[in-house]
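Chemist: Give me coordinates for this.
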Amino acid sequence: MIIAYDVSDDKRRRKLFKLLGSFGVNVQYSFFEVAITRKNFVRLKAKIKNILKFPDDRIVFIEMCEDCWRKVVRWGYDAPYELEETVVL
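Modeler: Numbering: from 1, shown residues only. Sure, this is the predicted structure:
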């Protein structure tokens, strides 16, 4: 999954950055690549909703199929991964 955001407030931006960093790889400042189970994605979205203020802030979640995930060319970093038994929260 790709998660990108535009957050207007520094405090909320730092909180979101820290949260997403615990789930995936920071590819660019406000752009994360995350390998996550469906169950943990539901939890992550709930936590994000508590951080962001709409309509001031914006976020996009781009889900990728496994085949597309394998086709991504990465230079300078490794793909994130999550084991099914990993407890993230």
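Chemist: which stretches of the protein have low pLDDT?
Modeler: Within the chain, the ranges that satisfy pLDDT under 70 run 82-89.
Chemist: The same query, at a cut-off of 90, please.
Modeler: Along the chain, the model assigns pLDDT under 90 to residues 23-24, 28-29, 35-38, 64-89.
Chemist: Now do the helices in it.
Modeler: For the chain, the helices identified by DSSP state H occupy 10-21, 38-51, 66-71, in order along the chain.
Chemist: Any idea which of these gets closest to residue 59?
Modeler: When these are ranked by distance to residue 59, counting by CB to CB, first place goes to helix 38-51 at 6.6 Å. Every residue, glycine included, has its C-beta placed from N, CA and C.
Chemist: what angle do the closest one and helix 10-21 make?
Modeler: Interaxial angle of helix 38-51 relative to helix 10-21 (axes from the mean of the first three to the mean of the last three CA atoms, to 10 degrees): 170 degrees.
Chemist: by contact count, what packs against helix 38-51?
Modeler: helix 10-21, strand 58-62 (3 or more CB pairs under 8 Å, 6 or more residues apart in numbering; DSSP states H and E).
Chemist: Same question for the last one: list its buried residues.
Modeler: So the one you mean is strand 58-62. Of all the residues in strand 58-62, those buried under the rule 16 or more other CB atoms under 10 Å are residue 59.
Chemist: contacting residues around that strand?
Modeler: Under the contact criterion CB atoms under 8 Å, 6 or more residues apart in numbering, strand 58-62 has outside partners 1, 2, 3, 4, 5, 6, 7, 16, 41, 45, 48, 52.
Chemist: quick one on the thing from earlier: any chance of JSON lines for the helices of the chain, columns mean neighbour count and distance to residue 60?
Modeler: Formatted as JSON lines, the entries for those read as follows, by neighbours: other CB atoms under 10 Å; distance: least, CB to CB, whole Å:
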{"stretch": "helix 10-21", "mean neighbour count": "15", "distance to residue 60": "13"}
{"stretch": "helix 38-51", "mean neighbour count": "14", "distance to residue 60": "11"}
{"stretch": "helix 66-71", "mean neighbour count": "9", "distance to residue 60": "16"}
